[in-house]
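>>> The following comprises the amino acid sequence and a computationally predicted model.
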Amino acid sequence: MTLNVAVLIGSLRKDSVTRKLVHALAPLAPKGMTLKVVEIGDLPHFNADLEGDMPAPVKAFKKAIEGADAVLFATPEYNRSVPGVLKNAIDWGSRPYGKSSWNGKPAAVISQSMGALSGFGANHHLRQSLVFLNMPTMAQPEAYIANSTTLFDDKGNLAKPETKDFLSQVMAAFGQWIATHKA
């Protein structure tokens, strides 16, 4: 069975640690799972006045989410919460009312930070939104990545075997989660 997973990265920076983390996840995904990053940087600020005639980037974004079997959210933590750009994408995907692109999509959250708290606040704030959006979100294993700037070599590869092993377990569990909860 092929599982197509849309991946949203909560950082727009080209060389962000979150983006490096997502690229490191792809080879760790179980057989049959494909990760496809859905870019969110071109989405305009959410404005309900635009719902009747959604901008082209919003239409493309919603189509990409609707075509996926599941969604993986990878986020840094900004001020103990999710970055505004990620919340903006979530809001656009939920509109117009009654036509949410998120409804029923299995999800997982991986958060990271350069400090010891590992994006805990962002992870849990994001989960609050996902409950409302009716996205069954994987609870275990929890994926909080601390001290993230120390995890990669100069080529962007995971440098610590224990991190690679943990992320392999996360991806295997997510594959099982999707299979169980796929609409």
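Received, thanks. Numbers count the residues shown, from 1 in each chain.

>>> which helix is the longest one in this protein?
helix 161-181 (DSSP state H).

>>> chain center to that helix, what's the gap?
14 Å (CA atoms, centre = their mean, to the nearest Å).

>>> Not counting that helix itself, show me its contacts.
With CB atoms under 8 Å, 6 or more residues apart in numbering as the test, helix 161-181 has contacts from 1, 3, 5, 24-25, 28-30, 32-33, 69-70, 72, 106, 108, 110, 136, 138, 140-141, 143, 145, 151, 158. C-beta: built from backbone N, CA, C; applies to glycine.

>>> Grab the nearest non-local neighbour of the most centrally placed residue in the chain.
Centroid-nearest residue in the chain, with CA atoms, centre = their mean: Phe73, separated by 1.2 Å. Residue nearest to Phe73 in three dimensions, not counting chain neighbours: Val109, with 4.8 Å by CB to CB, 6 or more residues apart in numbering.

>>> could you give the angle of the helix or strand hosting that neighbour to helix 161-181?
In this structure, Val109 sits in strand 107-112 according to DSSP states H and E. For strand 107-112 against helix 161-181, the angle by axes from the mean of the first three to the mean of the last three CA atoms, to 10 degrees is 160 degrees.

>>> in the helix or strand following strand 107-112, what counts as buried?
Next helix or strand after strand 107-112 toward the C-terminus (DSSP H and E): helix 120-132. Residues of helix 120-132 classed as buried: 120-127, 129-130 (neighbour count, 16 or more other CB atoms under 10 Å).
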